[in-house]
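Undergrad: what's the 3D shape of this:
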Amino acid sequence: MTPPEHPWTSFADARILTVDDSRAVRVFLWEILTRHGARVDEAANGTEALERAASGGYDLILLDLILPDVDGIEVLRRIRECDDETPIVMLTGAGGVASATAAVREGADGYIEKQHLDAGGDDTSFLHALQQAVEHRAGIVAQKELQQLRADFYSMVTHDLRNPAGNVWGIIRMLLSGKAGPLTPQQTQLLGIAQSSSSKLVGLINDYLDYAKIDAGFLRLDRRDAELTEVVRASVRQAGPQAEVRGQTLEVSLPDRPVPARVDPERLEQVLDNLVSNAIKYTPDGGCIAVALERRDGEAVLRVTDNGRGIPPGELDALFGRYHRVPGETTRKIKGTGLGLLIVKQIVEAHGGTVLAESEGEGKGTSFTVTLPLDAKE
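TA: Residues are numbered from 1 along each chain as shown. Here you go, the predicted structure:
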């Protein structure tokens, strides 16, 4: 299908703001642009340009790099703080190419050297440069809209799935508690399987929902004063039954003194839940998982170590990528989204910390080390 003709081809009814301290340049631009159907407003300095730009409604801004009151790049920055949709093209004098290129990095969509403006009436190159700038900005806006649409879709789908899945899990839990009446041994066994499956489903949905927030840049931390030993204890309590079912030993090592920090405790518990759950999944029945917390040189160091399957050295670098799963016949049978470690990395880095995976190879276990900065207070 042939795409429709771009509306900028004729500049008909386009509203354009030209910003230049030279009246001769403004008149020259006015003549070119109005000849091609545009409606042109003018500003002779940066202050006037910012006032006009704040009113909105412009389809294009032509901005001089050097202005008498406010630097052109500073005007660009201020406009971009509240408007990332309007195309902006920088106008430069002789020798201004380096600065104009810097302006492009600040959010300009192109630049035009004034000496290349043709006073003889051939506007082709000039109009083509404006056309490219408009299309460049349109592409950026479309990409942002697509990212937002994708994030909204992920959130909508996972939210609509999470509520009924959570309800199923809650009902099964109530039935197993005996509050709805006695159960036969066979019913209890079947409901136990259903509860395990629904719990996994809720976990998968939560992973996708968190990934959608991270992918869209919406990860937010609710920082407050917390005690990291309590965060570790809460995570280990949660994982205890899972390890017990598989006959695994879950060891915990905590410092004698409190480890206070200003963090998001729920998010950090989520980090530990992911790491400990992974260790349990990838460690054979009867294995050992060790969780340790220590305070060292103004940092908190959390370590989760197992004596499980281990990780091939070539897989360590890609471990925190999207949807990454360690290859192999045994790991293929273990269910998961491949998003857990990506979520871990994003949460840890949002706290200003680091996470490192270490393994000597297959069959030699794995260790994950999370390092977090601490406040100076005791």
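
Undergrad: Does Trp168 lie in a helix or a strand, and which?
TA: Trp isn't right for residue 168; it's Val. helix 124-177 (DSSP states H and E).

Undergrad: Can you tell me which helices and strands that helix packs against?
TA: Secondary-structure packing of helix 124-177 (3 or more CB pairs under 8 Å, 6 or more residues apart in numbering; DSSP states H and E): strand 60-64, strand 88-92, helix 185-215. Every C-beta, even on glycine, is put in place using the N, C-alpha and C of the backbone.

Undergrad: mind redoing it with 7 Å?
TA: helix 185-215 (3 or more CB pairs under 7 Å, 6 or more residues apart in numbering; DSSP states H and E).

Undergrad: gap between the helix it packs on and the chain center?
TA: 25 Å (CA atoms, centre = their mean, to the nearest Å).

Undergrad: That one relative to helix 124-177, how many degrees between them?
TA: Angle, helix 185-215 to helix 124-177, by axes from the mean of the first three to the mean of the last three CA atoms, to 10 degrees: 160 degrees.

Undergrad: Going by neighbour count, list what's buried in the helix or strand following helix 185-215.
TA: For helix 185-215, the following helix or strand on the C-terminal side (DSSP H and E) is strand 224-227. For strand 224-227, burial by neighbour count (16 or more other CB atoms under 10 Å) applies to Ala226.

Undergrad: model confidence over the next helix or strand after strand 224-227, on average?
TA: Counting by DSSP H and E, the element after strand 224-227 in chain order, helix or strand, is helix 228-245. Helix 228-245 shows a mean pLDDT of 89.

Undergrad: Run the angle between helix 228-245 and helix 185-215 for me.
TA: Going by the same axes, to 10 degrees, helix 228-245 makes 140 degrees with helix 185-215.

Undergrad: contacting residues around the residue lying closest to Lys345 once chain neighbours are set aside?
TA: Excluding the flanking residues, the one nearest Lys345 by CB to CB, 6 or more residues apart in numbering is Phe320, at 4.4 Å. Phe320 sits next to 341-342, 345 when contact means CB atoms under 7 Å, 6 or more residues apart in numbering.

Undergrad: same thing with Leu60?
TA: Neighbouring residues of Leu60 by CB under 7 Å, 6+ apart: 14, 16, 87, 130, 134.

Undergrad: From Ala243, how far out is the third one?
TA: Distance from Pro87 to Ala243, counting by CB to CB, to the nearest Å: 58 Å.

Undergrad: Compare these two (neighbour count), which wins?
TA: Pro87 (25 against 20; other CB atoms under 10 Å).

Undergrad: how about the nearest residue to the more buried one, chain neighbours excluded?
TA: Arg137 (4.0 Å).

Undergrad: low-confidence ranges in the stretch 201-350 of the chain?
TA: Within the stretch 201-350 of the chain, the stretches with pLDDT under 70 are 212-213, 215-218, 321-338.

Undergrad: quick one: buried residues of stretch 194-210?
TA: Along stretch 194-210, these residues count as buried under the neighbour rule (16+ other CB under 10 Å): 194-195, 198-199, 201-210.

Undergrad: Need the CA coordinates for it. CSV is fine.
TA: Listed next in CSV are the C-alpha coordinates belonging to stretch 194-210 (Å, rounded to 0.1, in the frame of the first residue of the first chain):
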residue,chain,number,x,y,z
ALA,A,194,-3.9,-26.8,42.6
GLN,A,195,-2.6,-24.4,45.2
SER,A,196,1.0,-24.9,44.1
SER,A,197,0.1,-24.3,40.5
SER,A,198,-2.0,-21.2,41.2
SER,A,199,0.9,-19.8,43.4
LYS,A,200,3.3,-20.3,40.4
LEU,A,201,0.8,-18.6,38.1
VAL,A,202,0.6,-15.5,40.4
GLY,A,203,4.4,-15.4,40.5
LEU,A,204,4.6,-15.4,36.7
ILE,A,205,2.0,-12.7,36.4
ASN,A,206,3.8,-10.6,39.0
ASP,A,207,7.1,-11.0,37.1
TYR,A,208,5.5,-9.8,33.9
LEU,A,209,3.9,-6.8,35.6
ASP,A,210,7.2,-5.8,37.2
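
Undergrad: neighbours of the closest residue to Asp264 other than its chain neighbours, just the number please.
TA: Nearest residue to Asp264 in three dimensions, chain neighbours excluded: Leu221, at 4.2 Å (CB to CB, 6+ apart). Residues lying near Leu221 (other CB under 10 Å) number 14.

Undergrad: Hmm, Arg267 and Leu221 touching each other?
TA: Yes. Using CB atoms under 7 Å, Leu221 is in contact with Arg267, at 6.2 Å.

Undergrad: give me every residue that touches Ser277.
TA: Ala239.
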